[in-house]
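Asks: predicted model and sequence follow; I will ask about them next.
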Amino acid sequence: MGKKLTLSTVKHTFGFTDSTNVGAAFFPTLEISVAFLPTELYGEQVPVLIPTAIDQDPYFRLARDIADELGYPKPSTIYSKFIPGLTGEDKMSASNPDSAIYVTDSEKDVRRKIMNALTGGQPTAELQRKYGGDPDNCVVYKYHLLFQDSDEKVKRIYEDCKAGKLLCGECKAMLFERIREFMKEHNERRERAKDVIEQYRISVKFR
């Protein structure tokens, strides 16, 4: 990787300057190398699909630029969004357990975290009914976008919030019920998976 990437390319891609340390300038070569690891391990000239967030996009664009020269197929990417933190951070954080819902959380903890989540609502129910809420800046609504099983439900939640017909407590209760269903199904599947996990273990011999 290092032989095929020039310092000029890396600087312009990531905005590095002459004062950027050598480690930061070289790091992209390490990040890019994983795009070709499956081909190297299994020897198959098939494209690699990399699930990633948009902040990793520059690395794999560079990987595509040098793939032909290295004799690898160009990797492809599929982008995911971060799940926002319940307490208002851009994404869930392990350093703040209340910002995230863990699959191992009890039902009681899930409910507590959701009921304490940041919203885009008004300070009082009276003001909420009068002026409506701001779902576009509401963590709870963003979770509805991710977890509700119907676009129609999401649309109704959005419109009712804007119109003041839906209070934040009611909206949170709806989200809790949906996530409780999700967690119940997930945990049941996880328990069933324990009986067959050995079938999916792959032995990899490094060359």
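Replies: Happy to help now that I have it.
Asks: just the helices in the chain please.
Replies: Using DSSP state H, the helices of the chain run over residues 7-14, 22-33, 37-42, 57-70, 107-115, 125-131, 139-147, 151-163, 168-193.
Asks: domain ranges for this protein?
Replies: Domain assignment for the chain by automatic domain parsing gives 7-80, 97-193.
Asks: next, format these as a markdown table and append mean neighbour count, mean pLDDT and distance to residue 91.
Replies: Any C-beta I mention is one placed from the backbone N, CA and C, and that applies to glycine too. Below are these laid out as a markdown table (neighbours: other Cβ atoms under 10 Å; pLDDT from 0 to 100; distance: least, Cβ to Cβ, whole Å):
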| stretch | mean neighbour count | mean pLDDT | distance to residue 91 |
| --- | --- | --- | --- |
| domain 7-80 | 14 | 90 | 9 |
| domain 97-193 | 16 | 94 | 8 |
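Asks: CSV please, covering those and showing distance to residue 90.
Replies: As requested, the domains of the chain are arranged in CSV below (distance: least, Cβ to Cβ, whole Å):
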stretch, distance to residue 90
domain 7-80, 11
domain 97-193, 10
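Asks: which residue lies nearest the spatial centre of the chain?
Replies: Centroid check for the chain by Cα atoms, centre = their mean gives residue 82 as the closest residue, at 3.1 Å.
Asks: report the separation between that residue and residue 70.
Replies: 31 Å (Cβ to Cβ, to the nearest Å).
Asks: now do residue 134
Replies: 49 Å.
Asks: need the contact list for residue 16.
Replies: 10, 24, 25 (Cβ atoms under 8 Å, 6 or more residues apart in numbering).
Asks: just those residues now: which is nearest residue 104?
Replies: Of all the contacts of residue 16, residue 104 sits closest to residue 24, with 35.4 Å by Cβ to Cβ.
Asks: number of residues surrounding the closest residue to the residue nearest to the centre of the chain other than its chain neighbours?
Replies: With sequence-adjacent residues excluded and distances taken as Cβ to Cβ, 6 or more residues apart in numbering, residue 82 is closest to residue 91, at 3.8 Å. Look at residue 91: counted by other Cβ atoms under 10 Å, it has 12 neighbours.
Asks: contacts only, for the spatially closest residue to residue 45 that is not a sequence neighbour.
Replies: Spatial nearest neighbour of residue 45, chain neighbours left out: residue 73 (5.6 Å); criterion: Cβ to Cβ, 6+ apart. Residue 73 makes contact with 39, 45, 46, 47, 48, 67, according to Cβ under 8 Å, 6+ apart.
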